[in-house]
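Undergrad: Any chance you can model this:
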Amino acid sequence: MTPRLNLYTASPDIFKAWFAYSQKVAECGLEKPLLELVKIRASQINGCANCLNMHTSDARKAGESEQRIHLLAAWREAPCYTDRERAALDWTEHMTQIATSRAPDAVHAALAAQFTPAEQVQLTLAINVINGWNRLAIFDEQRSGLLRIAYRMLGSLADAEDIVQDAFLRWRGVDHAQIAVPAAFLRRIVTRLCLDHLKSARVQRESYIGPWLPEPVVEEDWGEDVTLPLLLALERLSPLERAAFLIHDVFGESFEEVALILNRDEAACRQLASRARAHVRDARPRFPLARSQGKAIATAFFEASQKGDLTQLGDLLAQDVQFHSDGGGKRPSVARILHGATEFLRAQMALARLRRAPSELMRFATI
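TA: Residues are numbered from 1 along each chain as shown. Here you go, the predicted structure:
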């Protein structure tokens, strides 16, 4: 799936300046092997696999030995680093964990013994840059999965993207050294933001005219589990039931993690998931619909909307068919669910008479 909002293109002027700043700091004059050690150590603390992979490769190209790369996480006990490198690594750890370390005077004194004032500034800015890239990279790795969680929770891709962006802003402001599993932490943030959003969304939908339908996603790489019937079934659940079902049954997290996210005990979360599971099971279609049959119905529906001949469409429909219509407040739609083929066909004939221009087919898509 291609997100509507891309962190690297949404504000190109800002990112152009960020790239230029990063490049300028990289060319500050400090030894490249030293800078790569600093980048690796900060990335280890932040848990950024992408940056670790990149900068260990760059360190090797700069002549760094495998031994020194492997021992970097335990540099205090390893004898293979110089005093200058030790001072830089100590400063890196304290600046990366500034929220808790506060960069004590003794650490700065050791830094000042090895680096000039100008070099201290250059090193500090280099640490700032790698921490920034770590935060962006870690979040970007998780973005697709977070978007899927938010979309399933909310049924609206636009709202899901807003939630994920809000999660990024919160992620940027936390102490990453205190987070053992970034992916789990981010899922927790997104789920809680979705729960808050659903509380206000349900109030808004109470005054919504006509049925509310989830926003369909038609990109092919979302998989078979992101279907409109599933989203409709989830819409019938309470926010907590929906969260428990998605986190445990869909994304495979333990009930211990569900309890942490929902701030409930594990037994309550198991009960929430069980009730949700029963509702989803009851809402499943009684009979599977083959893709070919679905396309035949869609084709007949389109032709009927163009020609006004509903005979072929009526032959394909079950007598207990239901018709849901949601114009999103922007297009005319039926203000209630229509039950039965006769009522549906009668409504379609009325709409055909009101239509001023023939309908257009963009493409067929399974949702």
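Undergrad: Which stretches in the stretch 1-150 of the chain count as helices?
TA: Per DSSP state H, counting those that start in this stretch, the stretch 1-150 of the chain carries helices over the ranges 12-26, 32-46, 49-61, 66-70, 83-96, 98-101, 105-112, 117-154.
Undergrad: can I get these in JSON lines with mean neighbour count?
TA: Heads up, the C-betas are built off the backbone N, CA and C, glycines and all. Converted to JSON lines, the helices of the stretch 1-150 of the chain look like this (neighbours: other CB atoms under 10 Å):
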{"stretch": "helix 12-26", "mean neighbour count": "12"}
{"stretch": "helix 32-46", "mean neighbour count": "22"}
{"stretch": "helix 49-61", "mean neighbour count": "16"}
{"stretch": "helix 66-70", "mean neighbour count": "13"}
{"stretch": "helix 83-96", "mean neighbour count": "20"}
{"stretch": "helix 98-101", "mean neighbour count": "12"}
{"stretch": "helix 105-112", "mean neighbour count": "14"}
{"stretch": "helix 117-154", "mean neighbour count": "20"}
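Undergrad: Make a markdown table out of those helices and add distance to residue 326.
TA: Output for the helices of the stretch 1-150 of the chain, formatted as a markdown table (distance: least, CB to CB, whole Å):
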| stretch | distance to residue 326 |
| --- | --- |
| helix 12-26 | 35 |
| helix 32-46 | 43 |
| helix 49-61 | 40 |
| helix 66-70 | 56 |
| helix 83-96 | 48 |
| helix 98-101 | 46 |
| helix 105-112 | 60 |
| helix 117-154 | 15 |
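Undergrad: Can you redo those helices as JSON lines, where the extra columns are distance to residue 230 and mean pLDDT?
TA: JSON lines is the format used below for these (distance: least, CB to CB, whole Å; pLDDT from 0 to 100):
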{"stretch": "helix 12-26", "distance to residue 230": "36", "mean pLDDT": "88"}
{"stretch": "helix 32-46", "distance to residue 230": "35", "mean pLDDT": "95"}
{"stretch": "helix 49-61", "distance to residue 230": "31", "mean pLDDT": "90"}
{"stretch": "helix 66-70", "distance to residue 230": "46", "mean pLDDT": "96"}
{"stretch": "helix 83-96", "distance to residue 230": "41", "mean pLDDT": "97"}
{"stretch": "helix 98-101", "distance to residue 230": "40", "mean pLDDT": "86"}
{"stretch": "helix 105-112", "distance to residue 230": "53", "mean pLDDT": "96"}
{"stretch": "helix 117-154", "distance to residue 230": "8", "mean pLDDT": "90"}
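Undergrad: Go through the ones you listed and name the closest to residue 188.
TA: Checking the helices of the stretch 1-150 of the chain against residue 188 by CB to CB gives helix 117-154 as the closest, at 10.3 Å.
Undergrad: Between helix 49-61 and that closest one, find me the angle.
TA: Angle, helix 117-154 to helix 49-61, by axes from the mean of the first three to the mean of the last three CA atoms, to 10 degrees: 150 degrees.
Undergrad: Run the angle between helix 117-154 and helix 32-46 for me.
TA: Here helix 117-154 runs at an angle of 40 degrees relative to helix 32-46 (the same axes, to 10 degrees).
Undergrad: Name the next helix or strand downstream of helix 117-154, please.
TA: helix 157-172 (DSSP states H and E).
Undergrad: From residue 174, how far off is residue 11?
TA: Per CB to CB, to the nearest Å, residue 11 is found 22 Å from residue 174.
Undergrad: count of residues packed around residue 338?
TA: 19 (other CB atoms under 10 Å).
Undergrad: Residue 299 too?
TA: 15.
Undergrad: about what we covered before: so for residue 314, which of the helices of the stretch 1-150 of the chain sits nearest?
TA: Closest to residue 314 of the helices of the stretch 1-150 of the chain, according to CB to CB: helix 117-154, at 34.5 Å.
Undergrad: Just the helices from the stretch 151-300 of the chain, written as ranges.
TA: Taking DSSP H, counting those that start in this stretch as the test, the helices found in the stretch 151-300 of the chain are 157-172, 182-205, 228-235, 239-244, 255-262, 266-283, 291-307.
Undergrad: quick one, which of the ones you listed is nearest to residue 29?
TA: With CB to CB as the yardstick, what comes closest out of the helices of the stretch 151-300 of the chain is helix 157-172 (28.8 Å).
Undergrad: Quick one: list the elements packing against the closest one.
TA: On a contact count with 3 or more CB pairs under 8 Å, 6 or more residues apart in numbering; DSSP states H and E, helix 157-172 meets helix 117-154, helix 182-205.
Undergrad: Show me what counts as buried in it.
TA: For helix 157-172, burial by neighbour count (16 or more other CB atoms under 10 Å) applies to 157, 159, 160, 161, 162, 163, 164, 166, 167, 168, 171.
Undergrad: can you list the residues you listed in a markdown table and add distance to residue 115?
TA: Output for the buried residues of helix 157-172, formatted as a markdown table (distance: CB to CB, whole Å):
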| residue | distance to residue 115 |
| --- | --- |
| 157 | 49 |
| 159 | 48 |
| 160 | 46 |
| 161 | 43 |
| 162 | 44 |
| 163 | 43 |
| 164 | 40 |
| 166 | 39 |
| 167 | 37 |
| 168 | 33 |
| 171 | 31 |
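Undergrad: just those now: which is nearest residue 235?
TA: If you rank the buried residues of helix 157-172 by distance to residue 235 using CB to CB, residue 159 comes first, at 13.3 Å.
Undergrad: Distance of residue 274 relative to residue 134?
TA: Taking CB to CB as the measure, residue 274 falls 40 Å from residue 134.
Undergrad: Understood, closing this out.
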